[in-house]
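**Student:** Sequence plus predicted model, see below.
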Amino acid sequence: MSPTGSTATTATAAGTPATASTARTATAADWLRQYAPADAGAPCLVAFPHAGGSAGFFAPLARALAPAVRVLAVQYPGRVERRAEPPAENVRELAGHALAAVAEAVAGTPAGDGTAPLVLFGHSMGSLVAFEAALLGERGSGPAPAALLASGGRAPDLTRVDPAILRSDDSLVEEVLLLGGTDRTVLDDPDLRELFLPALRADYRALQSYVPDPAARLRCPVRALVGDGDPLVPVADARRWRDHTTGPFRLRVLPGDHFYLNPRLTDVADTVRTVLAELS
């Protein structure tokens, strides 16, 4: 769910707000949100949210990096203003649609023609979606990223979902509460729960069905980030991202749990800036 008080424009090729009629037809306007203005010629960070998450999760990061970095946050179907759409249940499907939207949004900009970096950032499930989007980009099916930042996610070959999590609404809720990041009062409210759970369940089904290509390797640099107290992703599992690129790899461990990036926003923003500086 979007942070209270956060507003966004839907992303168009020039990064300008879309009209309501444009938003119904433009791929970028459907899939991408921009929560802060950016300088002309700014590098672009595309942010993919966690299971059950929405683009609004990245509004604080967008504001922290503005205006030097254009942050485009991905809005998956089945939630917030897209809740009338059926949620996707396939990681690669999400990646393909999101990458097509990114291609449209960065067309005619420095991030689109390669004169400014285009970097993908995914948190938790979003790290897998970003990884698959990066693979597609490097294979010529969209813009190729200059780097991937994988946050709070197991390496692709370690992805697994306990089937028991999807047996009932209560088991799914308990899993979310274990990870933190969602207020119990939201999940105890029947109306809010009804809005939240369908997308969350679809995201977990996407994770459950995900099987990585064992031969797939990125060429771009990968930077993994993880909280030292993450109950889902041990540091060793985050370190395994090094096996999924032939490019440089680094791991940064920060204090915190699965949603370490909320209290450590400054550190995350600094990591993004460091990666962009290394690409310049």
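**Tutor:** The structure has been received and is ready for your questions.
**Student:** Show the model's pLDDT score for Gly15.
**Tutor:** At Gly15, the pLDDT value in this model is 45.
**Student:** Next one, pLDDT for the nearest residue to Asp157 once chain neighbours are set aside please.
**Tutor:** Nearest non-adjacent residue to Asp157, counting by C-beta to C-beta, 6 or more residues apart in numbering: Pro212, 5.7 Å away. To be clear about C-beta, it is placed using only N, CA and C from the backbone, and glycine gets the same treatment. The model reports Pro212 with a pLDDT of 95.
**Student:** Repeat that for Gly5.
**Tutor:** Here, the pLDDT recorded for Gly5 equals 40.
**Student:** With Arg201 instead?
**Tutor:** At Arg201, pLDDT is 93.
**Student:** number of nearby residues for it?
**Tutor:** 19 (other C-beta atoms under 10 Å).
**Student:** List the residues that contact it.
**Tutor:** The neighbours of Arg201, taking C-beta atoms under 8 Å, 6 or more residues apart in numbering as the test, are 166, 172.
**Student:** So what does Cys44 look like in phi/psi?
**Tutor:** The phi and psi values for Cys44, taken as degrees, to the nearest 10, are phi -120, psi 130.
**Student:** now swap in Pro231 and tell me
**Tutor:** Pro231 has phi and psi values of phi -80, psi -10 when expressed as degrees, to the nearest 10.
**Student:** And the helices in the protein, which stretches?
**Tutor:** Using DSSP state H, the helices of the chain run over 20-25, 27-31, 59-65, 91-106, 110-113, 125-138, 169-179, 184-188, 190-209, 235-239, 265-279.
**Student:** Quick check: buried residues in stretch 96-110?
**Tutor:** 96-106, 109-110 (16 or more other C-beta atoms under 10 Å).
**Student:** between these, which is closest to Val173?
**Tutor:** Ala98 (26.8 Å; C-beta to C-beta).
**Student:** residues touching the closest one, list them.
**Tutor:** Applying C-beta under 8 Å, 6+ apart, one finds that Ala98 lies in contact with 31-32, 46, 48, 74, 129, 133.
**Student:** Now for the residues you listed: which two are most distant?
**Tutor:** By the measure C-beta to C-beta, the contacts of Ala98 have their two most distant members at Leu32 and Val129, which lie 13.4 Å apart.
**Student:** which one of those two has more residues nearby?
**Tutor:** Using other C-beta under 10 Å, the more surrounded residue of Leu32 and Val129 is Val129, with 32 against 29.
**Student:** Could I get the pLDDT score of the more buried one?
**Tutor:** As predicted, Val129 sits at a pLDDT of 98.
**Student:** and what of the one 10 residues further on?
**Tutor:** Per-residue confidence for Arg139 comes out at a pLDDT of 97.
**Student:** And it, how far from Val106?
**Tutor:** Separation of Arg139 from Val106 (C-beta to C-beta, to the nearest Å) stands at 18 Å.
**Student:** repeat for Phe121
**Tutor:** Applying C-beta to C-beta to Phe121 and Val106 gives a distance of 15 Å.
**Student:** next one: Arg63
**Tutor:** In terms of C-beta to C-beta, Arg63 sits 20 Å off from Val106.
**Student:** which residues of this structure score low on pLDDT?
**Tutor:** Along the chain, the model assigns pLDDT under 70 to residues 1-7, 10-26, 181.
**Student:** distance from the centroid: which residue in it tops it?
**Tutor:** Distance from the C-alpha centroid of the chain, by C-alpha atoms, centre = their mean, peaks at Pro190 (27.2 Å).
**Student:** just to revisit the earlier point, between the helices of the chain, which one is closest to Cys220.
**Tutor:** Across these, Cys220 has its closest neighbour in helix 125-138 (6.6 Å, C-beta to C-beta).
**Student:** so what's Asp237 closest to, chain neighbours aside?
**Tutor:** Distances taken as C-beta to C-beta, 6+ apart place Arg154 nearest to Asp237, at 4.4 Å, with adjacent residues excluded.
**Student:** Give me the neighbour count for that neighbour.
**Tutor:** Arg154 is flanked by 24 other residues according to other C-beta under 10 Å.
**Student:** quick revisit: which of the helices of the chain has the highest mean neighbour count?
**Tutor:** Stretch with highest mean neighbour count among the helices of the chain: helix 125-138 (a mean of 26; mean count of other C-beta atoms under 10 Å).
**Student:** Report the inter-axis angle for that helix versus helix 190-209.
**Tutor:** Helix 125-138 runs at 50 degrees relative to helix 190-209, counting by axes from the mean of the first three to the mean of the last three C-alpha atoms, to 10 degrees.
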